[in-house]
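1. build me a model:
(2 chains)
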Protein chains: 2
Amino acid sequence: MLYNTLHRRKELFEPLHAPQVGLYVCGPTVYGDPHLGHARPGVTFDILFRYLRHLGYKVRYVRNITDVGHLEHDADEGEDKIAKKARLEQLEPMEVAQYYTNRYHDYMDKLGVSRPSIEPHASGHIIEQIEMIKKILDAGYAYERNGSVYFDVRKYNESHHYGQLSGRVIEDLLGTTRTNLASQDEKESPLDFALWKKAAPEHIMRWPSPWSDGFPGWHAECTAMSCKYLGQPFDIHGGGMDLLFPHHESEIAQSVAAYGEEPCRYWVHNNMITINGQKMGKSLGNFITLEQLFTGDHEALEQAYSPMTVRFFILQAHYRGTLDFSNEALQSAEKGWQRLQQARQTLDRLSAQPTSTVADFLQAMADKCREAMDDDLNTPMVLAQFFELVRLINQAADGKAAFTQADLENARNLYAVYIEEILGLKVEDGSSGDATADRTDGLVKMLLDVRAQAKAAKDFATSDKIRDELKAVGIKVLDGKDGATWQYE
Amino acid sequence: MLYNTLHRRKELFEPLHAPQVGLYVCGPTVYGDPHLGHARPGVTFDILFRYLRHLGYKVRYVRNITDVGHLEHDADEGEDKIAKKARLEQLEPMEVAQYYTNRYHDYMDKLGVSRPSIEPHASGHIIEQIEMIKKILDAGYAYERNGSVYFDVRKYNESHHYGQLSGRVIEDLLGTTRTNLASQDEKESPLDFALWKKAAPEHIMRWPSPWSDGFPGWHAECTAMSCKYLGQPFDIHGGGMDLLFPHHESEIAQSVAAYGEEPCRYWVHNNMITINGQKMGKSLGNFITLEQLFTGDHEALEQAYSPMTVRFFILQAHYRGTLDFSNEALQSAEKGWQRLQQARQTLDRLSAQPTSTVADFLQAMADKCREAMDDDLNTPMVLAQFFELVRLINQAADGKAAFTQADLENARNLYAVYIEEILGLKVEDGSSGDATADRTDGLVKMLLDVRAQAKAAKDFATSDKIRDELKAVGIKVLDGKDGATWQYE
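-> Okay, here's the model as predicted:
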């Protein structure tokens, strides 16, 4: 079941051409460093991608890169975001786009977000967008004005419903939409949006078209590229709720006008993030890039938060609920994620018992996790199940619960399938690579042997000293009945 | 000084618009995993990029990605390499291109190859290529045939010299070029090359053009994209020697025909690689991908070779000489690189002496390294200087040479500037991240303290045991006058 924004209800997901699934998600506009606002859709649709593949579908995941045409304030006026950055930094616009594309990839990689199947650039699909615009003009839903081409929303709304996705009533919108004098000269109606913009003389990014040397409007690329790579219609279109209007609404209108039908069957939207209860914004001083978040280098942050901590934090909330970032919430998530990882390590050190006290729970947990994911990707429910498992693992380490060999394997399998494969959470223990992990393991073991010998000889000063020095390098010693074990702090 | 293939001599490098430098290098065709043949140009032009920036230039480095139009056997017949792979794997061609683009990036990252400023895709610049082809037609150097467009080499050669770059004589070529019946129908001369190809019905990748639905010829993209991002003419065009003919020769012809002048002033080519004396080729069974090289998973390989070992190996040869990969040569390089790294660690543990026995050498070395790089990127000469330095560092550790505080800083600086910044060699000590390195450092120190206590108490059994166990986890203990130090095996 997936919640379909189009019908405002959960629906059973059935692809058009099983086992293939076509998924299109609106990607970044590459004019600045990736920030918290990029993290949520990145992770959310990564979960959808992973889960669909887990279910056995062959998913073609297309996520675009907007490297032209996205003007300031998401409007049809104002400077192109990338052109502006390029001008400020005295670089060719494509250098800016390349740089921030690379940064976006690096930070998505850190967050464990899988690479999409295809990442088309807006600038690489001008021809396709021009072809689409021609179709819209031929269908009578657009008009040319001074070399630019605008979508005729009022005309469209006579026979269709512009506003169906976002639930807006167009007549109300016409009354309240801020009219911009410059565009008012050109546009017949303030709701009309640019399909093609004639380039001002100083606008470097431009291509020839039947109407002018110019560049495509912001909404055009997603319609043209999703159709090209996924066909028309395709299965799922995703993106943040902030894109509902006008972006996604306009995509639907473009598809209907150009191709005669809606682009896709399911619309999936993640909700917004806030920082300490406020919307994130540069003027509010709470704008945090992912680099700042991961290094702690921002005055609003009390510490650095690791990428996996952030991913875990995002997954502890349902994708359709709001998500508030605060130091308290992130620190709580950090502890939770550490407990989850430590329990996995403890699981490896448990001895198999002859009889089980956990088999029923494990079976029920497997069912509940699957049901939770099937129920509109309820990741917080899955994680809640894992914290029950963590409790049982820790009890077993204290001799108060019993895992048989089969139970241990089932528990490991649950971690492998849900934590690693579906939720994409990678264990962070400070090592990166088996060689390093083995070496650290060997070194700590040597020191624990020395400590054990000291204890046996009643040299508690030495025993305590080793314990303290290990703590100082991030290794926590746990004394138990069978000797000492350890874990990362 | 850079060796300019165009004039077959070393020339002083002077950019057209200092301090800007425009560098264009032919990048990969993304239809397969990156292999040894990709490593050499990747590293070679990374050195050029780094050195130019070190000298203070503002370099715009453009390296293309060929995701369409490169047909089998580099010919005008045969299947598009990416289309063929897509067909075999039942994927959309752009999925193939995306997958192998990501793989290429991952492996270039491992090799320490910097990201270029702009990485334009052939498929994203169809319009620019069409515009260029129109210009060539208008200039009379091309003709249309059945929806395809061919460059008229014979016509071009009447007033220009097709063959100037590669040193070929066109009349001889006409006599020896294998004629292909199918293209013979279309081409007026076998040397003519496709600028635009009409797409066969099953060819998925296609765009509309004035001549047909089709796709650009292989040579067109580099001319169109280098002109777009670097202007015409620009400074340096790089690539492997295997691209001299017909690819680079044709690029020159396209520029002259379309824009009236040659594309660039300097042509820089790296020489080819061989495997055990043979050219690398799938039919020869010696085709090795970078993944196989780094994991050792190929029958021709006796072991795995780390990315930095491979980079070091490449840099030990001059870029214009051939480079033969063999297990012996790679193992020798591995030892050399380890010595270089170990000496850097040893340098950190040397005590500053009051008088110097190395100051003159260090001064001479700084001069020689600079002269070597200035002399057509003579990286092997730079590395030879470093092995002299390594000898002195090891002597100093044995008390047979003396570094003052200033000498130590100068030596560290030489490493920082030449080894890290210019040659891009990253220290590989098995750790990845300061936290892990600190922790390992702390753990080893604790064990060495225990060992020192055991030795002081004449408990040599324990002292030896610790030494052996450390060796088993890759830590080599070095006993010296001032106590024990250590390094990674």
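
2. please count neighbours and contacts with C-alpha atoms only from this point.
-> OK.

3. pLDDT at the closest residue to chain B within chain A, what is it?
-> Closest approach between chain A and chain B, counting by CA to the nearest CA: residue A:124, at 3.2 Å. With respect to pLDDT, residue A:124 scores 96.

4. from what I see, it and residue B:127 are in contact.
-> No: the criterion here is CA atoms under 8 Å, and residue A:124 misses it with residue B:127 at 9.2 Å.

5. for stretch A:157-168, C-alpha coordinates in CSV please.
-> Below are the C-alpha coordinates for stretch A:157-168, written out as CSV (Å, rounded to 0.1, in the frame of the first residue of the first chain):
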residue,chain,number,x,y,z
ASN,A,157,-8.9,24.4,-16.9
GLU,A,158,-11.9,24.6,-19.1
SER,A,159,-11.7,20.9,-19.9
HIS,A,160,-9.4,19.6,-17.1
HIS,A,161,-8.7,20.4,-13.5
TYR,A,162,-5.6,22.4,-12.9
GLY,A,163,-5.3,22.0,-9.1
GLN,A,164,-6.4,18.4,-8.8
LEU,A,165,-3.2,17.2,-7.3
SER,A,166,-2.7,20.0,-4.8
GLY,A,167,-6.3,20.5,-4.0
ARG,A,168,-6.4,24.1,-5.1
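
6. skipping adjacent residues, who's closest to residue A:43 in space?
-> Leaving aside its sequence neighbours, residue A:43 sits nearest to residue A:113 (CA to CA, 6 or more residues apart in numbering or on different chains; 5.9 Å).

7. what is the burial count for that neighbour?
-> 24 (other CA atoms under 10 Å in any protein chain shown).

8. using the three-state scheme, assign it.
-> coil (DSSP: H, G, I helix; E, B strand; the rest coil).

9. is stretch A:447-467 in proximity to chain B?
-> Yes: on the criterion CA under 8 Å from any CA of the partner chain, stretch A:447-467 is in touch with chain B at residue A:447.

10. centre of the chain versus that stretch, how much separation?
-> The chain centre lies 48 Å from the centre of stretch A:447-467; the measure is CA atoms, centre = their mean, to the nearest Å.

11. give me the buried positions along that stretch.
-> A:447-448, A:450-452, A:454, A:462-463, A:466-467 (16 or more other CA atoms under 10 Å in any protein chain shown).

12. go on, stretch A:88-108?
-> Those would be A:92-101, A:103-104, A:107-108, for stretch A:88-108 by 16+ other CA under 10 Å.

13. just the residues you listed that are near chain B?
-> Within these, those near chain B by CA under 8 Å from any CA are A:92, A:94-95, A:98-99.

14. so which of the residues you listed sit within strands?
-> Judged by DSSP state E, strands contain none of these.

15. tell me which of those is nearest to residue B:337?
-> Set against residue B:337, the nearest of these by CA to CA is residue A:99 (31.4 Å).

16. got the contact list for the closest residue in space to that closest one that isn't next to it in sequence?
-> Among residues not flanking residue A:99 along the chain, residue B:117 sits closest, at 7.0 Å (CA to CA, 6+ apart). Counting by CA atoms under 8 Å, 6 or more residues apart in numbering or on different chains, residue B:117 touches A:95, A:98-99, B:60-62.
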